[in-house]
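>>> Here is my input; please provide its structure:
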Amino acid sequence: MADDYFEYRHTVGFEETNLVGNVYYVNYLRWQGRCRELFLQQKAPDVLAEVQDDLKLFTLKVDCEFFAEITAFDELSIRMRLSELGQTQLEFTFDYVKVTGGVEVLIARGRQRIACMRGPNTNTVPSRIPEGLARALEPYATHGPVLAGRTA
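From the prediction side, this is the model:
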């Protein structure tokens, strides 16, 4: 179901591959970040204003597990879902799907844990996840309503 994930479409370029033509690991992590940025731009632009003020979205942990190789000019769909929403932290999952002629193949799966912080760089403190971000993420939750267990 296309409604349960946020999608970033990407065509792999030569600069993202090594001498034998395989994609560098770091690019999978870059694509996670790009997907997250585009989500904020398209679905939660009010949160971007908070980021320009004092909200910081710290990436605490990332990982990626590979199932198949991809090369230059492969078409990818990077699909982000919300897997966990706490008071100050959230976690995304990413499916990397190669799309060729209407055929989809899962080639990798990743995770990313984010902490919300506020304050100057020298004195940041944990901060509640903005309600606007929680609402924007709700359609992409992997299980149950994302606001469960949260108090207003």
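>>> what element comes up after the longest helix anywhere in the chain heading to the C-terminus?
Longest helix of the chain, by residue count under DSSP state H: helix 25-43. Next in sequence after helix 25-43, counting helices and strands by DSSP states H and E, comes helix 45-53.
>>> top strand in this protein by residue count?
Selection of the longest strand in the chain by residue count, based on DSSP state E, yields strand 103-118.
>>> Please identify the pairing partners of that strand and their relative orientation?
Its sheet considered, strand 103-118 pairs with strand 55-66 (antiparallel), strand 89-100 (antiparallel), strand 125-126 (antiparallel) by DSSP bridges.
>>> Nearest to Ala134, out of those?
strand 89-100 (8.4 Å; Cβ to Cβ). All C-beta spots, glycine's among them, are computed from the backbone N, C-alpha and C.
>>> which residues are in contact with that closest one?
Residues from elsewhere that reach strand 89-100 (Cβ atoms under 8 Å, 6 or more residues apart in numbering): 5, 28, 31-32, 35-36, 60, 64, 68, 70, 74-84, 104-116, 129, 137, 142.
>>> count of neighbours near Val12?
19 (other Cβ atoms under 10 Å).
>>> again, but for Phe58
12.
>>> With the one 10 residues further on instead?
For Ala68, the neighbour count with other Cβ under 10 Å is 10.
>>> just checking, it touches Arg109?
No: look at Ala68 against Arg109 with Cβ atoms under 8 Å: they stay out of range, at 11.3 Å.
>>> Have a look at the protein and report the helix or strand with the lowest mean pLDDT.
Least confident helix or strand, the chain: helix 45-53 with a mean of 91, by mean pLDDT, DSSP states H and E.
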